[in-house]
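[1] Just to be clear, the model below is a prediction. Sequence and coordinates:
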Amino acid sequence: MTPTHEAPAYDPDNVFAKILRGEIPAARVYEDADTLAFMDVMPQGEGHTLVIPKAPARGLLDADPASLAAVARTVQRVAGAVKAAFSADGLTVFQYNEPAGGQTVFHLHVHILPRFEGVPLQRHGGGMADQAVLAEHAARIRAALAAG
């Protein structure tokens, strides 16, 4: 199989674009002019949060550098709040690109997971989380952001 080097075009009907437009609900954690952070509906652990740019970008390589910088600022801010909100021992932050890289939603996004000594990550896609639990987790992170 010959590798392809050009990614398909951005799809404005991806699930994260629909969240940005308010067409799909999300347990929102943080929002500014350039980014949105919300709870992952298929979390790999308590507090699994996603940060996305508001500007269309399929992944890391096609993102506008200013948008990517805004995502990085939000990731740093939200990650500190996630760690505090869950009294985590550490954090795992990751970002996938294209199917071969593990990406399943084709809107740039960064995962933030609080980590605890001796506790492995759950499988991603292991099922939808309870919306009430996600709302409570989002509230905890928002409180940590406010305490800041």
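    On my side now, so go ahead. Numbers count the residues shown, from 1 in each chain.
[2] quick one: low-confidence parts of the chain?
    Applying pLDDT under 70 to the chain picks out residues 1-5, 7, 125-126.
[3] what ranges do the strands span in it?
    28-31, 35-39, 49-53, 90-94, 110-115 (DSSP state E).
[4] Against I141, how distant is the residue nearest the centre of the chain?
    Geometric centre of the chain, nearest residue: L50, 1.3 Å, by CA atoms, centre = their mean. Separation of L50 from I141 (CB to CB, to the nearest Å) stands at 12 Å. The way it works is simple: take the backbone N, C-alpha and C, and place the C-beta from them, glycine included.
[5] before we move on, what about T35?
    14 Å.
[6] Counting neighbours, go ahead and name the busier of those two.
    Neighbour count, other CB atoms under 10 Å: between T35 and I141, I141 has more, with 27 against 22.
[7] need the contact list for that one.
    Applying CB atoms under 8 Å, 6 or more residues apart in numbering to I141 gives the contacts 29-30, 37, 47, 49, 78, 81-82, 85.
[8] now do 6 Å
    Going by CB atoms under 6 Å, 6 or more residues apart in numbering, I141 touches 29, 81-82, 85.
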